[in-house]
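Peer 1: Build me a model from this:
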Amino acid sequence: MVWVDSQQHLWLEEYPRNPSDRTLNGHMFAIFGMWDYWRLTQDERAKKLYQGGLTMVVDYFPQFRNTSWVSHYCLQHPEALSDKYHLIHVAQLLILFSMSRNLTFARLADDLIRDYPPPVVSGSVLFAAGTHEGVVFTSAGTVSSRKKITLSRASTAPADRRIRIKGQPGFWYRITAGALAGHHVQEKWAISTLQGRYVNYEYYPARRVTMNANTQYVGIEFDAAGKTVSQVTFTTTTATAFGVIGTAIFNGREHLLADSGPFAGRWVARYTLVT
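Peer 2: Now for the predicted structure:
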């Protein structure tokens, strides 16, 4: 079903019913079909439907986004939340970026990835010396109990999840062995961070990012375990742009993979760049 709302936005409906569900993943899958048909036939009607579908996604995205949590499956049933479809939304937005070459869709995907990244990761959490708190949460996300430990030196413990917990700040690791086994520990840079590489996404075509003028930057080569193999530095004299083709978290910090410029083939910490 296809219809135009009172704000002149085009909806490509997954479910032919009234009232409309306004389902996001179904709408974006239909956009893929419009793009394919337009590319094959050069039919201008399909191009207009494709473009109208893109406009709807951008303009209505704030209503689908659920900041720091899972995005809404549809607008008719706002209680319908699914981490499966949230991650489908991310993948679809990156495809729309590839199809349209419009950076807006990559940035929308960024928002959803930060809100609720893929939760199934495992590895070793590095704890700095000092005091750390483990928390047991109820199914509703409230605190059931707490436990503190103090380390005289850095230590590690295994974890099988890096997740959002609804209503709680930041990201949490579920510890599976050691003094905090069965507890969640909050991710804190250089204090408690999951080691290795995780939350990986690719960009096609390359995205353009910018380094600020008169600033020193570091490009890093990581091995498969997330350890630094080598690094190079580069100091800009003017604002300098280059392309990136991927994103991943290494040891608790997000990095972008450069495919051009002074760091081609290396990873640069995202927080240092203008994206």
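Peer 1: Give the closest residue to Arg253 in space, chain neighbours not counted.
Peer 2: For Arg253, the nearest residue in space outside its immediate sequence neighbours is Ala269; the separation is 5.8 Å by Cβ to Cβ, 6 or more residues apart in numbering. The way it works is simple: take the backbone N, C-alpha and C, and place the C-beta from them, glycine included.
Peer 1: Could you tell me which residues make contact with the one you found?
Peer 2: Under the criterion of Cβ atoms under 8 Å, 6 or more residues apart in numbering, the contact partners of Ala269 comprise 218, 253-255.
Peer 1: show me where the stretch 1-150 of the chain has strands.
Peer 2: In order along the chain, the stretch 1-150 of the chain carries the following strands (DSSP state E, counting those that start in this stretch): 2-4, 10-12, 123-127, 130-137, 143-151.
Peer 1: Kindly report the same for the stretch 151-275 of the chain.
Peer 2: Using DSSP E, counting those that start in this stretch, the strands found in the stretch 151-275 of the chain span residues 155-163, 172-175, 184-186, 192-194, 197-211, 216-222, 228-235, 240-250, 253-258, 267-269.
Peer 1: closest one to Asp43 among those strands?
Peer 2: Closest to Asp43 of those, according to Cβ to Cβ: strand 197-211, at 25.0 Å.
Peer 1: Could you pull out the buried residues of the closest one?
Peer 2: Going by neighbour count (16 or more other Cβ atoms under 10 Å), the buried part of strand 197-211 is 197-199, 201, 203, 207, 209, 211.
Peer 1: Now the most centrally placed residue in the chain. Nearest residue, chain neighbours left out?
Peer 2: Within the chain, the residue whose C-alpha comes closest to the C-alpha centroid is Ile113; the distance, by Cα atoms, centre = their mean, is 1.8 Å. For Ile113, ignoring the flanking residues on the chain, the nearest one in space by Cβ to Cβ, 6+ apart is Val90 at 5.8 Å.
Peer 1: gap between that neighbour and Ala181?
Peer 2: 31 Å (Cβ to Cβ, to the nearest Å).
Peer 1: Those two - which one has more neighbours?
Peer 2: Relative neighbour count places Val90 above the other of Val90 and Ala181, with 22 against 12, counting by other Cβ atoms under 10 Å.
Peer 1: about what we covered before: surely the residue nearest to Ile113 and Ala106 touch.
Peer 2: No. In this structure Val90 lies outside contact range of Ala106 using Cβ atoms under 8 Å: 10.5 Å.
Peer 1: dump the residue contacts of Trp172.
Peer 2: For Trp172, counting by Cβ under 8 Å, 6+ apart, the contacting residues are 135, 161-165, 184-187.
Peer 1: Before I go, just wanted to say thanks for your time.
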